[in-house]
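Visitor: Next one to model:
(chains A and B, ligands or ions: 1)
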Amino acid sequence: MKVHIKYYAKYADYAGTRMEDIETDIITLRDLLNIVRERHPKLKEDRRSLIAINDKFVGEEAQISDGATVSIFPPVSGG
Amino acid sequence: MQMERYLSQVAVKEIFPSGQRIIEESSIAVIGMGGTGSSIAEMFVRMGVGKITIVDDDKIEPSNLNRQAMYKEDDIGLKKVDVARTELLRINGETQVNAIDKRLSFNNADEILSQVDLIMDGTDNYDARNVINVVSARLRKPWIFTAVEGTFGYVKTIIPGKTSCLSCFGYPDRGEGVACTIQGVVPTAIRAISSLAVTSAIKFLINRESQGELVYMDVWKPVLDILPIPRNEECKVCGNL
Ligand SMILES: [Zn+2]
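Guide: Sure, this is the predicted structure:
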């Protein structure tokens, strides 16, 4: 199946793109994130990231279906 | 109400004189008087908020002056809450300004926050936001989360028991974060996020509702995204509310 990944803020710089498609057979978000972090190792610098599937924020145990859009946001502490 | 002073904002149908009255009867707390906190406090006082409590234990440094509202060169070395209180009263002498020279913690949060209608997050670290998140849930106090870094930031309205909270979506609950002077932040991003935060706050005070969606804004690209965050029944902070 195909999954669309959207990178926000500094993650777009780390990935070199704001959006990419990944072909995969995996169905949990945790496994998908591992693939994404191997592709773009700088994403590993954050202990956790904020993840939405189809614009809804979810935990890493969430399941992914074909055609889903996964948005990855950095956590931010400043103010 | 001084009608003339607020003429331009009460002419807006979203506010109207009825909303202005609510603003003037409201008591808000601003936690942290750095970039976002000082901008938020200034906007609220200009718009006529009745009472504002400002909380910070820092002194003004030269590196604050490029982005933090109200502070000037000859304020360097002075306490932020002292300078801010003086400036806020110069802007609007009808607002009650309560300045607290402390860092918000689990030891003092109940006392500081129990009397206010709404809490504004102007903090710059995960630890302080966790204090606001946990204590506001316990006191059932609504609050507006803000965070800014680089060219972008987040704003979210949190109503305990009604919307999701910070812990519902995996926002880190501990850590100092990275200082603005190290991670970098564009001053205009701070103003933009502060504006969105005050708008969200006024909307909530007048309408008493919010879906609690996360607003993401990048001023450089520019991009604005709005993402729903459903409540998490397993949330350790608000799951049982
Ligand atoms: Zn929660």
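Visitor: what's the closest residue to B:K236 other than its chain neighbours in contact with, if anything?
Guide: Excluding the flanking residues, the one nearest B:K236 by CB to CB, 6 or more residues apart in numbering or on different chains is B:S167, at 6.1 Å. To be clear about C-beta, it is placed using only N, CA and C from the backbone, and glycine gets the same treatment. Contact partners of B:S167, counting by CB atoms under 8 Å, 6 or more residues apart in numbering or on different chains, are B:N133, B:D173, B:N232, B:C235, B:K236, B:V237, B:C238.
Visitor: Confirm for me that B:S194 is in contact with B:M43.
Guide: Yes - using CB atoms under 8 Å, B:S194 is in contact with B:M43, at 6.8 Å.
Visitor: Looking only at neighbour counts, state which of those two leads.
Guide: The neighbour comparison of B:S194 against B:M43 (other CB atoms under 10 Å in any protein chain shown) goes to B:S194, with 27 against 19.
Visitor: Show me where the chain has its strands.
Guide: The chain I'm using is chain A. A:2-7, A:19-23, A:50-53, A:56-57, A:69-73 (DSSP state E).
Visitor: Not quite, go with chain B.
Guide: Assigned by DSSP E, chain B shows strands spanning B:27-31, B:51-55, B:96-100, B:118-121, B:143-149, B:152-158, B:214-218, B:223-227.
Visitor: Mind listing the strands the shortest one pairs with, and their directions?
Guide: Counting by DSSP bridges, the strands paired with strand B:118-121 are strand B:27-31 (parallel), strand B:143-149 (parallel).
Visitor: Present those as a markdown table; the columns should include mean pLDDT and mean neighbour count.
Guide: Below are those laid out as a markdown table (pLDDT from 0 to 100; neighbours: other CB atoms under 10 Å in any protein chain shown):
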| stretch | mean pLDDT | mean neighbour count |
| --- | --- | --- |
| strand B:27-31 | 98 | 25 |
| strand B:143-149 | 97 | 27 |
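Visitor: burial measure for B:S63, as a count.
Guide: 12.
Visitor: Please apply the same query to the one 5 residues further on.
Guide: The local packing of B:Q68 (other CB under 10 Å) involves 23 other residues.
Visitor: and it, what is it in contact with?
Guide: Listed by CB under 8 Å, 6+ apart, the contact set of B:Q68 reads B:M33, B:G34, B:G35, B:S38, B:S39, B:I60.
Visitor: Show me the shaky parts of chain A.
Guide: Across chain A, not a single residue meets the criterion (pLDDT under 70).
Visitor: need the helices for it, in chain order.
Guide: Using DSSP state H, the helices of chain A run over residues A:10-15, A:29-39.
Visitor: relative orientation of the last one and strand A:19-23 in degrees?
Guide: Read it as helix A:29-39. Interaxial angle of helix A:29-39 relative to strand A:19-23 (axes from the mean of the first three to the mean of the last three CA atoms, to 10 degrees): 110 degrees.
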